[in-house]
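**Student:** Next comes the sequence, and after it the predicted model I'd like to discuss.
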Amino acid sequence: MHIESNGLRNSGIPVPAGEAHGGASTDVVEVLRLLSQCPKAQKTPLTAAEQISGQTATAAVFVKDERGRMGLGSFKALGAAYVVARDAAATRASDMNSALAGRTYVAASAGNHGLSVAAGARIFGARAAIYLADTVPEAFAARLRAKGAEVVRAGADYEASMAAAMKAAEDNGWTLLSDSSWPGYTEIPYRVMEGYLAMTAEAADQIEEAAGPPSHILLQAGVGGLAAAAAAHARMRWGDGPVLIVVEPEAAPALQASIVAGKVARGDGPVSCMGRLDCKEPSMLALATLSKEADFFLTISESEARDAMPVLADAGLETTPSGGAALAALLAMGDAEKARLGIGPQSRVLAYLSEGPEQ
């Protein structure tokens, strides 16, 4: 475990001049309005994880459990599908089931983002093409096909599948729906992160009702979308009160490397068991928010992630190394790490269980 204090707190790493957005959205009103029209859009639970509290010697650990989100099994259901729903609403079509007929959304995915794209496209009559690296299990490809998506295998890793998806979008006039951002591509990822605000707003209401504002929030990150949305909402809601801690794989420390470099940087390493977090380059918008709002950037090893899985399962929180990375970090902390982060017997920790176990 390596902990890096954020020396850029409050100043951040700004996006280049001329971009439409400078970081994550904090406007949850439109998200909640659209979600209210979806029959599957039920709130997910916040669980007081007493077993984890006991093992980590913290007063309380609260877990926002996204495993049942909209029947898709992860928080990602709130992202891409929200973007597609916004596009459908903008057509003002009389029949929303065919509002996006003739349109194709294309995405690269290492996991649940592709399911969200496929589900959103299917609801509103669009087509989805999802590009997968060769390492993505065939069982996941089958789940995508069951949602009506065309699955294309492209390359040995996520970066190769992303390059193929970008080329397909350009060659065919399709809409690239990525959850990452880079210069010249910010509108769609901005809206993807905006969709995640529904989850963070729910969590904030639930923890305040149960115990009051959290003292610490642990946020796992790949390109950084979930973490940035949660951080932006937490600062809007509670100001500088909670300590925000971003957790990444040791094998893909893209956000931590960027904080150290003071600019967008790569975090290269071997393939990680935290596959959904195994992103070697951060989202530009997510980095802009996290570099300004997060207090610490922490990396965990493969063994720390794996060792936490049976502990979480025993506590009724079965997940993947990606979905449980934030809780894995808490479980792996020694006294020195906790002291540095200010986590102690009086702390109220909020963490996100971002996906269910592999199917």
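**Tutor:** Yep, it's here. Computed from a predicted structure; not experimentally measured. Residues are numbered from 1 along each chain as shown.
**Student:** helix, strand or coil for V247?
**Tutor:** With DSSP: H, G, I helix; E, B strand; the rest coil as the basis, V247 sits in strand.
**Student:** Next up, the contacts around it.
**Tutor:** Counting by C-beta atoms under 8 Å, 6 or more residues apart in numbering, V247 touches L218, L219, Q220, A221, L298, T299, I300, A325, A326, A328, A329. From N, CA and C alone the C-beta is placed, and that goes for glycine too.
**Student:** Surely the third one touches A228?
**Tutor:** No - using C-beta atoms under 8 Å, Q220 is not in contact with A228; the gap is 12.0 Å.
**Student:** As a check, name the ranges of all strands in this protein.
**Tutor:** Ranges of strands within the chain are 2-5, 46-48, 60-65, 104-108, 127-132, 150-153, 175-176, 216-220, 243-249, 296-300, 348-353, based on DSSP state E.
**Student:** just checking, what packs against the shortest one?
**Tutor:** Contacts defined by 3 or more C-beta pairs under 8 Å, 6 or more residues apart in numbering; DSSP states H and E place strand 175-176 against strand 104-108, helix 158-172.
**Student:** Now distance to N97 and mean neighbour count too, for the ones you listed, in CSV please.
**Tutor:** Output for those, formatted as CSV (distance: least, C-beta to C-beta, whole Å; neighbours: other C-beta atoms under 10 Å):
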stretch, distance to N97, mean neighbour count
strand 104-108, 16, 26
helix 158-172, 24, 17
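**Student:** okay, these in CSV with mean pLDDT next?
**Tutor:** Output for the helices and strands packed on strand 175-176, formatted as CSV (pLDDT from 0 to 100):
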stretch, mean pLDDT
strand 104-108, 96
helix 158-172, 94
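**Student:** among the ones you listed, which is nearest D240?
**Tutor:** Nearest to D240 among the helices and strands packed on strand 175-176 is helix 158-172; the distance by C-beta to C-beta comes to 34.6 Å.
**Student:** hmm, who's touching that closest one?
**Tutor:** Helix 158-172 has contacts (C-beta under 8 Å, 6+ apart) with 104, 106-110, 129, 131-133, 152, 154-155, 174-176, 178, 278-280.
**Student:** Just the buried residues of those residues.
**Tutor:** 104, 106-110, 129, 131-133, 152, 154-155, 174-176, 178, 278-280 (16 or more other C-beta atoms under 10 Å).
**Student:** what stretches of the stretch 101-250 of the chain score poorly on pLDDT?
**Tutor:** Across the stretch 101-250 of the chain, nothing is flagged by pLDDT under 70.
**Student:** rewinding a little: out of the contacts of V247, who's nearest G344?
**Tutor:** Comparing the contacts of V247 against G344 with C-beta to C-beta places L218 closest, at 14.8 Å.
**Student:** what sits against the closest one?
**Tutor:** Neighbouring residues of L218 by C-beta under 8 Å, 6+ apart: I245, V247, A326, L327, A329, L330, V349, L350, A351, Y352.
**Student:** domains for this protein, by residue range?
**Tutor:** Using automatic domain parsing, the domain parsing of the chain gives 2-74+197-353, 80-178.
**Student:** Using JSON lines, lay out the ones you listed together with distance to T186.
**Tutor:** Shown next, in JSON lines, are the domains of the chain (distance: least, C-beta to C-beta, whole Å):
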{"stretch": "domain 2-74+197-353", "distance to T186": "5"}
{"stretch": "domain 80-178", "distance to T186": "10"}
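**Student:** wait, which of the ones you listed is closest to Y185?
**Tutor:** Closest to Y185 of the domains of the chain, according to C-beta to C-beta: domain 80-178, at 7.1 Å.
**Student:** picking up where we left off before, distance to E138 for the helices and strands packed on strand 175-176 - can I get that in CSV?
**Tutor:** Shown next, in CSV, are the helices and strands packed on strand 175-176 (distance: least, C-beta to C-beta, whole Å):
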stretch, distance to E138
strand 104-108, 17
helix 158-172, 15
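**Student:** between these, which gets nearest to R145?
**Tutor:** strand 104-108 (14.7 Å).
**Student:** now for the closest one, which elements pack on it?
**Tutor:** Packing partners of strand 104-108 (3+ C-beta pairs under 8 Å, 6+ apart): helix 80-91, helix 112-123, strand 127-132, helix 158-172, strand 175-176.
**Student:** Please convert those to CSV, extending it with distance to V311.
**Tutor:** Output for the helices and strands packed on strand 104-108, formatted as CSV (distance: least, C-beta to C-beta, whole Å):
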stretch, distance to V311
helix 80-91, 31
helix 112-123, 23
strand 127-132, 30
helix 158-172, 28
strand 175-176, 39
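**Student:** Out of the ones you listed, flag the one nearest H233.
**Tutor:** helix 80-91 (15.0 Å).
**Student:** Which positions within that closest one qualify as buried?
**Tutor:** Across helix 80-91, burial judged by 16+ other C-beta under 10 Å covers A80, A81, Y82, V83, V84, A85, R86, D87, A88, A89.
**Student:** What is the nearest of the residues you listed to I188?
**Tutor:** For the buried residues of helix 80-91, with I188 as the reference and C-beta to C-beta as the criterion, the closest is V83, at 5.9 Å.
**Student:** which residue sits closest to that closest one, ignoring its sequence neighbours?
**Tutor:** Leaving aside its sequence neighbours, V83 sits nearest to R191 (C-beta to C-beta, 6 or more residues apart in numbering; 4.8 Å).
**Student:** hang on, that neighbour packs against A85?
**Tutor:** No - applying C-beta under 8 Å, one finds R191 not in contact with A85, separated by 9.9 Å.
**Student:** Look up how far V271 lies from the residue lying closest to A156 once chain neighbours are set aside.
**Tutor:** Nearest non-adjacent residue to A156, counting by C-beta to C-beta, 6+ apart: D134, 5.6 Å away. With the distance defined as C-beta to C-beta, to the nearest Å, D134 ends up 12 Å from V271.
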